[in-house]
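S.K.: pasted the sequence and its predicted model underneath.
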Amino acid sequence: MMERAEAIAVRDLHKRFGPLEVLKGVSLTAHEGDVIAIIGGSGSGKSTLLRCINMLELPSAGSVTIHGETIAMKKDGHGGQLPSDRKQVQRIRSRLGMVFQSFNLWQHMTILENVIEAPVHVLGVRKDEAVDRAETLLRRVGLHEKRDAYPAFLSGGQQQRAAIARALAIQPHVMLFDEPTSALDPELVGEVLSVIGDLAKEKRTMILVTHEMKFARNVASHVVFLANGVIEEQGPPDELFGSPKSERLKKFISSIH
Amino acid sequence: MSDPTVAAMALTELPTKQSFFKPHRIVLMVIAAVLVFCIVWFMRWDWVPKYSGRLVYGVGVTLMLLFVTSILGFLLALPIGLVQVTGPWPLKMLAKGFCTIVRGTPLLLQLWLLYYGLGSLFPQFPEIRNSFLWPYLREAWPYGVAALTISFAAYEGEVMRGAFAGVPPGELEAARAYGMSPFTVFRRIWLPRAIHRALPTLNGETVLQLKATPLVATITVIDVYAVVSKVRQETYITYEPLLLLALIYLCLTALLVVGFRYFESRIPTRGA
């Protein structure tokens, strides 16, 4: 098999909140077309890891490389580090499609306006072009008839599907999902997972923080188990869920089933 | 909808056609009609044509004062509100101090301090008397505009502080996650979202501002209130001019409320 290009490479990432060290040296590589599921108990640092990739959380040490471009960092004088080039961070972010646990749709815009906002005002796409593409995406996630509705009038599942369309609209190199179904009522989880599953099938590069173990097992190409700020175990899903090696993972899996 | 909501809306929403002609409504309408008839028939209105030109002028001055001071005051309120949420502490303290002092003293006092205080200081400086500003500083209205603008800025600065702080952080984070620069986040997400949240409050505050404008009559600016006072002095008629004045302010308030309702309804909200 041909070696696929690196989409995201995280090297020796540390994150401290005051005296608390949440990430203690995590390294992770995602190649083009990988679907990486990050699992782990609460407080294991999985959301923090994801948020460090697009610098919503600033890593205290370590580097993040996206499509071969390493985010330049400088010392902040308090033992941590800061991005030294804000423009670079903005440019890299504009190609990472982030989906949040609490949707975070912009409430003063219609669904369509939400989807075209970043393409038009960040990437400089022409408005009619952005609208065309947004309509296609909304049709894909089954929300075309809701395009002129405001987010507050949609169910949680619909809002999250709209948020996925918003992330797809920037034609992202990588999609980042931060517990996309955790804020949903149980009966709405399925519709969101099926949209994410479709994206996985078309070999889109994705990193997914999730509590849905069955889903992770079905769609992920690679599963990472995070515990106490380090990667405890990783590998193909069947191996990881079928024959876990570490005690922690065994316990974690049995506690969920 | 909960019962208190329905009860509150009964005051602002017209009843449906069928329920319009209920007996109690008909009685009330008859009483109102009799009242209007009595006011028109038994009171003296013969002075109105003579003063109509001046009244229209006065309404114009009142409206000009309202719009100019509201718009200028609101533009000032944006930075005042913003620095209180994100600014460095010296600016924060400055904005807080400004709001506290202005909101803690009567508008009439501020107006007089500006007009009788500053206004009598200025002529002592030849530089000011010879400057291009002097023709304006000699007039009363700039002091009225200044006092009303400062007052509106202070009250709305507080309102906008709350509105800026109340925008959910997740929405701002999403904007940053999609690569927006801090200025784009402010222009596209934070500001419009904050204004949208603050609109109902701004509506009420603008109505209050309308009714603060007659204070400028105390420093010789001729607004609609000053015109009506003049009518009372010249004709010795007491109640009729005041009734007309009340009617004028009621109509202006209604126009303001309808205007704001239109803007509010452009973006429907639910829940929060």
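M.R.: Structure's in. What do you need? Numbers count the residues shown, from 1 in each chain, chains lettered A, B, ... in the order given.
S.K.: hmm, who's touching stretch A:70-84?
M.R.: Contacting residues not belonging to stretch A:70-84 are listed as A:16, A:55, A:58-61, A:63-65, A:85, A:88-89, A:92 [C-beta atoms under 8 Å, 6 or more residues apart in numbering or on different chains]. Where C-beta positions appear, they are placed from N, C-alpha and C, glycine not excepted.
S.K.: the same query, at a cut-off of 7 Å, please.
M.R.: With C-beta atoms under 7 Å, 6 or more residues apart in numbering or on different chains as the test, stretch A:70-84 has contacts from A:55, A:58, A:60, A:61, A:63, A:64, A:85, A:88, A:89, A:92.
S.K.: list buried members of the residues you listed by neighbour count.
M.R.: Listed as buried from the contacts of stretch A:70-84 are A:55, A:60, A:61, A:63, A:64, A:89, A:92; burial here means 16 or more other C-beta atoms under 10 Å in any protein chain shown.
S.K.: quick one on the thing from earlier: present the contacts of stretch A:70-84 as a markdown table; the columns should include secondary structure and pLDDT.
M.R.: As requested, those are exported to a markdown table (DSSP: H, G, I helix; E, B strand; the rest coil; pLDDT from 0 to 100):
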| residue | secondary structure | pLDDT |
| --- | --- | --- |
| A:55 | coil | 94 |
| A:58 | coil | 93 |
| A:60 | coil | 92 |
| A:61 | strand | 92 |
| A:63 | strand | 93 |
| A:64 | strand | 94 |
| A:85 | coil | 92 |
| A:88 | helix | 94 |
| A:89 | helix | 95 |
| A:92 | helix | 94 |
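S.K.: near chain A, which residues of chain B show up?
M.R.: Contact residues (C-beta under 7 Å from any C-beta of the partner chain) of chain B with chain A: B:170-171, B:173-174, B:176-181, B:184, B:188-189, B:192-193, B:196, B:267-271.
S.K.: out of those residues, which are buried?
M.R.: Buried members of those, scored by 16+ other C-beta under 10 Å, are B:171, B:173-174, B:176-180, B:184, B:188-189, B:192-193, B:196, B:267, B:269.
S.K.: tell me which of those residues fall in helices.
M.R.: B:171, B:173, B:174, B:176, B:177, B:184, B:192, B:193, B:196 (DSSP state H).
S.K.: right, and the fifth one touches residue A:54 too?
M.R.: Think residue B:177. Yes - using C-beta atoms under 7 Å, residue B:177 is in contact with residue A:54, at 5.8 Å.
S.K.: where does chain B get nearest to chain A, residue-wise?
M.R.: Residue nearest to chain A within chain B (C-beta to the nearest C-beta): residue B:179, separated by 3.0 Å.
S.K.: that residue - nearest residue in space that isn't next to it in sequence?
M.R.: Closest residue to residue B:179 apart from its sequence neighbours, by C-beta to C-beta, 6 or more residues apart in numbering or on different chains: residue A:94 at 3.0 Å.
S.K.: what about the one you found, how many neighbours?
M.R.: Neighbour count for residue A:94, taken as other C-beta atoms under 10 Å in any protein chain shown: 20.
S.K.: likewise residue B:27?
M.R.: Neighbours of residue B:27 (other C-beta under 10 Å): 10.
S.K.: same question for the helix or strand that contains it: list its buried residues.
M.R.: Using DSSP states H and E, residue B:27 falls within helix B:23-42. Buried positions in helix B:23-42, judged by neighbour count with 16+ other C-beta under 10 Å: none.
S.K.: can I have it written out in CSV, keeping just the CAs?
M.R.: Taking Å, rounded to 0.1, in the frame of the first residue of the first chain, the C-alpha atoms of helix B:23-42 are listed here in CSV:
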residue,chain,number,x,y,z
PRO,B,23,-70.1,44.2,25.9
HIS,B,24,-67.4,45.4,28.2
ARG,B,25,-65.3,46.6,25.3
ILE,B,26,-68.3,48.4,23.8
VAL,B,27,-68.9,50.2,27.1
LEU,B,28,-65.3,51.3,27.3
MET,B,29,-65.2,52.5,23.7
VAL,B,30,-68.3,54.6,24.3
ILE,B,31,-66.8,56.2,27.4
ALA,B,32,-63.6,56.9,25.4
ALA,B,33,-65.6,58.5,22.6
VAL,B,34,-67.6,60.7,25.0
LEU,B,35,-64.3,61.7,26.6
VAL,B,36,-62.7,62.7,23.3
PHE,B,37,-65.9,64.5,22.3
CYS,B,38,-65.9,66.5,25.6
ILE,B,39,-62.3,67.4,25.2
VAL,B,40,-62.8,68.6,21.6
TRP,B,41,-66.1,70.3,22.2
PHE,B,42,-65.9,71.9,25.6
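S.K.: chain center to whichever helix or strand comes after it, what's the gap?
M.R.: Using DSSP H and E, the helix or strand that follows helix B:23-42 in sequence is helix B:48-86. In terms of C-alpha atoms, centre = their mean, to the nearest Å, the gap separating the centre of helix B:48-86 from the centre of its chain is 7 Å.
S.K.: show me the contact partners of stretch A:111-127.
M.R.: Applying C-beta under 7 Å, 6+ apart, the external contacts of stretch A:111-127 come out as A:94, A:105-106, A:109, A:130-131, A:134, A:137-138, A:143, A:146-149, A:151, A:162, A:165-166, A:169-170, B:178-180, B:184, B:188.
S.K.: the residue of chain B closest to chain A reaches residue A:93, doesn't it?
M.R.: Yes - with contact defined as C-beta under 7 Å, residue B:179 reaches residue A:93; the gap is 4.0 Å.
S.K.: re earlier: and the buried ones among the contacts of stretch A:70-84 as a markdown table, adding distance to residue A:182?
M.R.: Shown next, in a markdown table, are the buried ones among the contacts of stretch A:70-84 (distance: C-beta to C-beta, whole Å):
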| residue | distance to residue A:182 |
| --- | --- |
| A:55 | 22 |
| A:60 | 26 |
| A:61 | 28 |
| A:63 | 29 |
| A:64 | 24 |
| A:89 | 27 |
| A:92 | 26 |
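S.K.: what's the weakest-modelled helix or strand in chain A?
M.R.: helix A:247-256 (a mean of 88; mean pLDDT, DSSP states H and E).
S.K.: spit out the contact partners of the residue of chain B closest to chain A.
M.R.: Shown in contact with residue B:179 (C-beta under 7 Å, 6+ apart): A:90, A:91, A:93, A:94, A:118, A:122.
S.K.: report the separation between the fifth one and residue B:170.
M.R.: Counting by C-beta to C-beta, to the nearest Å, the separation of residue A:118 from residue B:170 is 16 Å.
S.K.: what's the answer for the third one, then?
M.R.: Taking C-beta to C-beta as the criterion, residue A:93 is separated from residue B:170 by 16 Å.
S.K.: overlap in contacts, residue B:177 and residue A:54.
M.R.: By C-beta under 7 Å, 6+ apart, residue B:177 and residue A:54 have these common neighbours: A:93, A:98.
S.K.: which two among the buried ones among the residues of chain B next to chain A are spaced furthest apart?
M.R.: Spanning the widest gap among these are B:179 and B:269, at 27.8 Å by C-beta to C-beta.
S.K.: contact residues of chain A facing chain B?
M.R.: Residues of chain A lying near chain B by C-beta under 7 Å from any C-beta: A:54, A:56, A:90-91, A:93-94, A:98, A:100, A:102, A:104, A:106-108, A:117-118, A:121-122, A:150, A:152-153, A:170.
S.K.: any quick PyMOL command for the buried ones out of those?
M.R.: The buried residues among those can be selected in PyMOL (16+ other C-beta under 10 Å) with this line:
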select buried, chain A and resi 54+56+90+93+94+98+100+102+104+106+107+108+117+118+121+122+150+170
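S.K.: filter the residues of chain A next to chain B down to just the ones in strands.
M.R.: Assigned to strands by DSSP state E, the following of these qualify: residue A:98.
S.K.: which of the residues of chain A next to chain B fall within helices?
M.R.: Taking DSSP H as the definition of helices, those contribute A:90, A:91, A:93, A:117, A:118, A:121.
S.K.: make CSV from the residues you listed and add distance to residue A:72 and pLDDT to it.
M.R.: Below are those laid out as CSV (distance: C-beta to C-beta, whole Å; pLDDT from 0 to 100):
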residue, distance to residue A:72, pLDDT
A:90, 13, 95
A:91, 12, 94
A:93, 14, 95
A:117, 27, 97
A:118, 23, 96
A:121, 25, 96
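S.K.: done for today, thanks.
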